[in-house]
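1. Let's see this in three dimensions:
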Amino acid sequence: MMHFFRWILCLATAGLLLTACDKNKNQVPEPVAPGAEVIPTRDIALEIYNLIPKEDLPDYCRALQRDTTEDAAAESRNPLFFSDSVQGYEIDMDPGLYGYFTLQCYPLDSGGWRAYWVSYAGYDGLCGYDRSGAYNYVDGKLTPETNALLPCPDAKQLMDYSQSNVDLAEIQAIAEQPNYQYTFGDKGLGVSLDLDYLTYGEEYMDADEERVIVPTVETWDYVWNGKGFVRVDAEGKPIAK
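-> This next block holds a predicted model:
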């Protein structure tokens, strides 16, 4: 029963991530140096995914597909965004495995596209950030991007744990292995931490146990300027490093 409950939580998390991606497209501030909007007719995101060397991806992310069902075709498809999820039993892996992959493309000032991807995985419903990467797609050629990667803020700067009753040793463990949550949009992204797993344990289902107060987590917003991500404040103004 507990595994089923965790599985439902994980599916809900994936759904929230997808919803957040759509919502974020309208909330992320304008780019710092906006150029002419480029709307490709080709499925750029899927082209890039298919070109990524499969050894660069987690095992569970090597056989994903664009949903081409009638229901999916009826919805507006974003050619710069691709995501899919998989369960272990579908790919001859541990049946308890759940994996989620998302990829977003941004136009480069010099021409072509920069694609960022991130994967989340877990067992029996405990999903979390796994890894991420970036590629440049120019003139049909895909090359790894090694410098301008996804922002990875210091987890301690994202957390306010002054009112939390989570043990400080666990806070330190979170900071050393952050469970990042990336919310992609056409013009930028938000970066936060997922701490929901701190309350997944069975001990927290008992009404007699003390309620766990997790740290308050900020979301840092970034905009795409044609070369990389620039962090901005609530008014969309760049924040000095």
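
2. Going by C-alpha atoms from here, please, whenever you check contacts or count neighbours.
-> OK.

3. what about residue 231, how many neighbours?
-> 20 (other CA atoms under 10 Å).

4. what do you get for residue 145?
-> 15.

5. Return the residues in contact with it.
-> 133, 134, 135, 136 (CA atoms under 8 Å, 6 or more residues apart in numbering).

6. all strands for this structure, in order.
-> With DSSP state E as the criterion, the chain has strands at 81-87, 97-107, 113-123, 126-138, 141-144, 159-160, 180-185, 188-193, 216-217, 220-224, 229-232.

7. Now distance to residue 239 and mean pLDDT too, for those, in CSV please.
-> Output for these, formatted as CSV (distance: least, CA to CA, whole Å; pLDDT from 0 to 100):
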stretch, distance to residue 239, mean pLDDT
strand 81-87, 27, 90
strand 97-107, 21, 94
strand 113-123, 22, 95
strand 126-138, 23, 93
strand 141-144, 27, 98
strand 159-160, 18, 96
strand 180-185, 19, 96
strand 188-193, 14, 97
strand 216-217, 19, 96
strand 220-224, 10, 98
strand 229-232, 5, 97
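
8. May I see the ones you listed organised as JSON lines, with distance to residue 174 added?
-> What follows is these, written out as JSON lines (distance: least, CA to CA, whole Å):
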{"stretch": "strand 81-87", "distance to residue 174": "25"}
{"stretch": "strand 97-107", "distance to residue 174": "21"}
{"stretch": "strand 113-123", "distance to residue 174": "16"}
{"stretch": "strand 126-138", "distance to residue 174": "12"}
{"stretch": "strand 141-144", "distance to residue 174": "28"}
{"stretch": "strand 159-160", "distance to residue 174": "10"}
{"stretch": "strand 180-185", "distance to residue 174": "10"}
{"stretch": "strand 188-193", "distance to residue 174": "9"}
{"stretch": "strand 216-217", "distance to residue 174": "12"}
{"stretch": "strand 220-224", "distance to residue 174": "17"}
{"stretch": "strand 229-232", "distance to residue 174": "22"}
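
9. Nearest approach to residue 59 belongs to which of those?
-> Nearest of the strands of the chain to residue 59, taken as CA to CA: strand 97-107 at 9.6 Å.

10. ok, residue 176 to residue 170 distance?
-> 10 Å (CA to CA, to the nearest Å).

11. For the residue most central in space within the chain, give me its contacts.
-> Nearest to the mean C-alpha position of the chain, by CA atoms, centre = their mean, lies residue 182 at 3.5 Å. Contact partners of residue 182, counting by CA under 8 Å, 6+ apart, are 118, 189, 190, 191, 192.

12. my read: the first one touches residue 99, true?
-> Translated: residue 118. No - here residue 118 does not reach residue 99: they are 10.8 Å apart, not a contact under CA atoms under 8 Å.

13. more neighbours, the two?
-> residue 99 (24 against 21).

14. Distance-wise, check the residue nearest to the more buried one when sequence neighbours are not counted relative to residue 157.
-> Leaving aside its chain neighbours, residue 99 sits nearest to residue 121 (4.3 Å; criterion: CA to CA, 6 or more residues apart in numbering). Look at residue 121 and residue 157: by CA to CA, they are 24 Å apart.

15. Same question for residue 190.
-> Counting by CA to CA, the gap from residue 190 to residue 157 is 15 Å.

16. wait, doesn't the residue nearest to residue 99 sit right on residue 129?
-> Yes - taking CA under 8 Å as the definition, residue 121 is a contact partner of residue 129 at 6.6 Å.

17. Residue 121 and residue 157: who's more crowded?
-> Ranked by neighbour count (other CA under 10 Å), residue 121 and residue 157 place residue 121 first, with 23 against 10.

18. got the contact list for that one?
-> Residue 121 touches 97, 98, 99, 100, 127, 128, 129, 130, counting by CA under 8 Å, 6+ apart.
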